[in-house]
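*Asks:* test case, fold it:
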Amino acid sequence: MAYSTIIKPQDYFNTKLYTGTGASSQAQTGVGFEPSFVWIKSRSSAEGHVLTDAVRGATKYLISNTSSAEVTNTDTVKSFDSDGYTIGPAGVTGGNGVTFASWNWKANGQGSSNTDGSINTTYTSVNTTSGFSISQYVAAGGTSTVGHGLGVAPEMMIIKKSSGTQSWVVYHKSLGAGGFMYLNAAETFAANTTIWNNTSPTNNVFTIGALNEVNDNGQTYIAYCFAEKQGYSKFGSYVGNGNADGTFVYTGFKPAFILLKTSTIAGNDWHIFDSKRIGYNVSNYSLKPNSTATEVTSLNIDLLSNGFKLRGTQNDINGSGTYIFMAFAESPFVSNVGESLPTTAR
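*Replies:* Numbering: from 1, shown residues only. Below you'll find the predicted structure:
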């Protein structure tokens, strides 16, 4: 099967590492594009995660490790720029001497209203090539539909009420429309047929039921929607084996970014791995989306040319349970015409 025409994944996703200076304006360049979604976490201090996007606008952010409403702070992400973004001196994004990781996705700026659903979005910013969109909507209550703009059904969605306190919710194709997971908690999959009205997303819309997590009448929400593109992104699941010679997960590319969590073993965190932070096979460093914790160095995972392999026995990544993941490519394993490419593991 021919792979996606995305030849250079870094045109659509890239990890940026930096050290804050405490200055009032700190330009972070080298991303390679103007990001529409920037996710920042301190590696060396116990600060919250900062998630900001061009739809809501710079200086506004949400915190993945809490249920808090949107925060406005002009000292955090100040602007989205042609080759990255500019930050201020706030400790969560630019504290002096603090090391940070940021993960950056390209959509289409602020975008425009999408009218495909029963709720017209305020803005939908979409990149159909990379399968990523950001939608802001005001809930109508009851059962509703919201347009995502992707042209194909999203396989993972992350939704948060921005106007008030409410937990983050995650839809994942491997778990189906009969429930959800909380991004800001170490909980397992929660069966619930109301949240998505037991209806899988379509090529045009996703369905939301009468739950405050996604559809509290009059409240504002942000939805990050992802569709799989071969050779660039992968959304799937695996079963851990509780063994140091752990499960191998095929993605079809060398991963630049992996977000994973067990859906069946209680009390275990979400984890983000990427190919740029220090730490080498078999010990790659992790940050936890549901925690302020500094970088975790004790989890063992190999990032390989065509996927990833778990090397630890910890329940967080490779216990005797089921795990969901999303991954983005550093380089594809095969080209868009099916030819092998010389990708290598670190």
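
*Asks:* pLDDT score assigned to Pro342?
*Replies:* The pLDDT attached to Pro342 in the predicted structure is 44.

*Asks:* which residues of the stretch 201-346 of the chain fall in helices?
*Replies:* With DSSP state H, counting those that start in this stretch as the criterion, the stretch 201-346 of the chain has helices at 212-215, 315-318.

*Asks:* shaky segments in the stretch 151-300 of the chain?
*Replies:* Scanning the stretch 151-300 of the chain for pLDDT under 70 picks out the ranges 280.

*Asks:* care to break the protein down by domain?
*Replies:* Per the record's domain assignment (automatic domain parsing), the chain is made up of the domains 9-105, 123-226, 234-332.

*Asks:* how about those in JSON lines, adding mean neighbour count?
*Replies:* Glycine gets a C-beta too; all of them are placed from N, C-alpha and C. Rendered in JSON lines, the data for the domains of the chain read as follows (neighbours: other C-beta atoms under 10 Å):
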{"stretch": "domain 9-105", "mean neighbour count": "20"}
{"stretch": "domain 123-226", "mean neighbour count": "20"}
{"stretch": "domain 234-332", "mean neighbour count": "20"}
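
*Asks:* can you list those in TSV and add distance to Ser113?
*Replies:* Written out in TSV, the entries for these read as follows (distance: least, C-beta to C-beta, whole Å):
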stretch	distance to Ser113
domain 9-105	11
domain 123-226	7
domain 234-332	27
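
*Asks:* so which of the ones you listed comes closest to Gly111?
*Replies:* Among the domains of the chain, domain 123-226 comes nearest to Gly111, with 3.3 Å by C-beta to C-beta.

*Asks:* chain center to stretch 116-128: distance?
*Replies:* A distance of 19 Å separates the C-alpha centroid of stretch 116-128 from that of its chain, computed with C-alpha atoms, centre = their mean, to the nearest Å.

*Asks:* that stretch: end-to-end distance?
*Replies:* Length of stretch 116-128, first residue to last, C-alpha to C-alpha, to the nearest Å: 16 Å.

*Asks:* pull out the buried residues from stretch 108-116.
*Replies:* Asn108, Gln110, Gly111, Asn114, Asp116 (16 or more other C-beta atoms under 10 Å).

*Asks:* re earlier: dump the helices of the stretch 201-346 of the chain to CSV, plus distance to Leu62.
*Replies:* Shown next, in CSV, are the helices of the stretch 201-346 of the chain (distance: least, C-beta to C-beta, whole Å):
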stretch, distance to Leu62
helix 212-215, 14
helix 315-318, 24
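
*Asks:* good, we can wrap up now.
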